[in-house]
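# with the sequence up front, the predicted model follows.
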Amino acid sequence: MNKLSRKILSGSIFDNLILCLLVIILIIPIVSILFVALSADENIWPHLISTVLPDYVLTTMLILMGVSFLTFLIGTGLAWIITIYEFPFRKIFEWLCLLPLAMPTYIIAYSYGELLDYTGVVQSSLRQIFGWQTIQDYWFPNIFSTGGGIILMSFVLYPYVFLTARAAFMRQSTTLIEASRTLGFSFNQSFTRIALPIARPGIVIGLILVMMECMNEFAAFEYFGINSLTVGVYVTWLEKGNLEGATQITLCIFLLIGFFIFLERKMRRNRSFSFKDTRLSNSRRLTLSKKGGYTFFIICLIPVLIGFVLPSWLLLSFVIDRLNEIQFSNFVTLFFNSFILSAISSLIALIVALYLVISSSSSNNIITKAAISISRLGYAFPGIILALGVIIVLSLIDKIIDHTSLLLFGSLSSIVISGGLIGVFYAYISRFLTVSYGTIDAGFSTLNSNLVDASRILGMGKYETLKKVQIPIIKPAIIMAILLVFIDTMKELPATLILRPFNFDTLATNVYTYASLSDIQNAALPSLTIVIAGLLPVILINRELTRS
């Protein structure tokens, strides 16, 4: 073995090659979509612009603005109330306000669609109480509309803003608030003029997460009849059979995502949001009168009721009503399929995230850090888009295998990669790697660098140090990373729905199948299972936030 070969196998060149290969694998679905969209033989842009594209774009922008505005009001308001004021059951609301995180958006859409529909419990009860006979006898808001979708999405997505805003408020200095109080400002004025501007970076991060979730949503919008861009991709690709048109619609989503990221960075440029005082704003809370305390209690209770309690109650009532009709063997199969997919995906994401975090922390190379940042772009793109990119990549691999087999053996290969579970895992890892990476990176940031240096002095290699020193210390972060990816993959619908093999269902796809047939009752048990599974990470997130 020559000197160059030994250097490649044992040195940083080998690590860089692995890193580059990993980045290519993770980013190639997105690149493939761009390639197909820009190299399509038929230019259908004029047709898209003259027909469906303006409606898709305008509807998506309306949803993003509406949901962002409402989640800002709800999430920031709740965060400020719980951080600053003392009122009955405040400590309980610290974690109750997070419960909607466990409720997938498509499940809350199906639940309220069933609850508020013409034949649902609410309207049926109103007709019975007031003696109304037909829909012409009374007016009732239409839940199956863009406005209905915006309101429901806001009540299930506000915890993203609540989390980041509360974390920002908890870390703010009391000196600034106290100084404003001595100048005659009320707590509300201190909030709008001091606390809110300082907390803006955290709030903006929460709003960007909300917008990403809105961009990713497909099933809820389809159920409500809302023509968003993601629904447009699905309809153009799978219903109209126009792959090039679907990829060209995704370009609009790319532009929107890029615009939001650019806007957030532009807003933070040359602005300082730091402070040196270490006293936290939650060290002294404002005690309210009895009336004010119960007013804030009701304000905090309403989002929890709408975003979690009512839909959970409805699902539970359906399960109880149809307990004797449930096919438990089928349910066990669905749960097992979801569990296996989620468990394997979370472990793979953990391994990849550990490798990327170690590579980033041990290297000052700008190219390495840029490559790692690029590898985590998948989370910014909706599941349906990643599914489209994965299909393009795996279909190309299938063609290469067939062509190679035909040349070597004179017959086509029986191997079909695009129709198996590989595509599902591929999409999961590409999309949720960022979740695992962020959690692991946060865990590594708490490590004392002296421990790593001491282990290296004692002769331990990089991976031995990881195994014996770093992993035992960051064990809570590892557990959190596994749980977060596990729940995200269990809830993921668009990628699973499109990439799963034939006759292979999960809890999420089973919910979608019944909901598409307007049979919400039979979708109740798998829906409730997904919700219950999502509660554990919510509890752990609140515990970590409070502890920190």
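Okay, I see it.
# my read: Met103 touches Val304, true?
No - Met103 lies out of contact with Val304 (Cβ atoms under 8 Å); the separation is 10.7 Å. Any C-beta I mention is one placed from the backbone N, CA and C, and that applies to glycine too.
# now do the same end-to-end measure for stretch 108-126.
22 Å (Cα to Cα, to the nearest Å).
# list the buried residues for it?
108-117, 120, 123 (16 or more other Cβ atoms under 10 Å).
# before we move on, the earlier item: between Met103 and Val304, which has more neighbouring residues?
Met103 (26 against 19; other Cβ atoms under 10 Å).
# what about the more buried one, distance to Leu152?
Going from Met103 to Leu152 by Cβ to Cβ, to the nearest Å gives 10 Å.
# quick one on the thing from earlier: so which of the buried residues of stretch 108-126 belong to helices?
Using DSSP state H, the subset of the buried residues of stretch 108-126 located in helices is 108-116, 123.
# ok, which stretches of the protein are strands?
Assigned by DSSP state E, the chain shows strands spanning 85-86, 286-287.
# to Ile385, which of those strands lies closest?
Nearest of the strands of the chain to Ile385, taken as Cβ to Cβ: strand 85-86 at 42.3 Å.
# find the nearest non-adjacent residue to Val469, please.
Of all residues not flanking Val469 in the chain, Ser455 sits nearest, at 5.0 Å (Cβ to Cβ, 6 or more residues apart in numbering).
# hang on, the earlier thing: just send the strands of the chain back as TSV, with mean pLDDT and mean neighbour count too.
Shown next, in TSV, are these (pLDDT from 0 to 100; neighbours: other Cβ atoms under 10 Å):
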stretch	mean pLDDT	mean neighbour count
strand 85-86	84	15
strand 286-287	74	10
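# using JSON lines, lay out those strands together with distance to Ala524.
Formatted as JSON lines, the strands of the chain follow (distance: least, Cβ to Cβ, whole Å):
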{"stretch": "strand 85-86", "distance to Ala524": "37"}
{"stretch": "strand 286-287", "distance to Ala524": "43"}
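# how many neighbours does the nearest residue to Ile348 once chain neighbours are set aside have?
Nearest residue to Ile348, sequence neighbours excluded (Cβ to Cβ, 6+ apart): Ile429, at 5.6 Å. Neighbour count for Ile429, taken as other Cβ under 10 Å: 24.
# in the buried residues of stretch 108-126, which has the lowest confidence score?
The member of the buried residues of stretch 108-126 with the lowest pLDDT is Gly120, at 84.
# grab the most central residue of this structure for me.
Glu213 (5.4 Å; Cα atoms, centre = their mean).
# for the biggest helix by length in the chain, packing partners?
Secondary structure of the chain per DSSP H: the longest helix is helix 328-361. Helices and strands touching helix 328-361, by 3 or more Cβ pairs under 8 Å, 6 or more residues apart in numbering; DSSP states H and E, are helix 12-38, helix 366-375, helix 422-445, helix 475-491, helix 507-516, helix 520-533.
# those into a markdown table, with extra columns for mean pLDDT and distance to Val357?
As requested, the helices and strands packed on helix 328-361 are exported to a markdown table (pLDDT from 0 to 100; distance: least, Cβ to Cβ, whole Å):
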| stretch | mean pLDDT | distance to Val357 |
| --- | --- | --- |
| helix 12-38 | 82 | 12 |
| helix 366-375 | 77 | 8 |
| helix 422-445 | 86 | 5 |
| helix 475-491 | 84 | 10 |
| helix 507-516 | 91 | 29 |
| helix 520-533 | 90 | 26 |
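# hmm, Leu394 and Ser32 touching each other?
No - Ser32 lies out of contact with Leu394 (Cβ under 8 Å); the separation is 9.9 Å.
# would you mind saying which of the helices and strands packed on helix 328-361 lies nearest Ile351?
It is, among the helices and strands packed on helix 328-361 and with distance given as Cβ to Cβ, helix 422-445, at 9.1 Å.
# tell me the angle of the closest one relative to helix 475-491?
Inter-element angle recorded for helix 422-445 and helix 475-491: 150 degrees (by axes from the mean of the first three to the mean of the last three Cα atoms, to 10 degrees).
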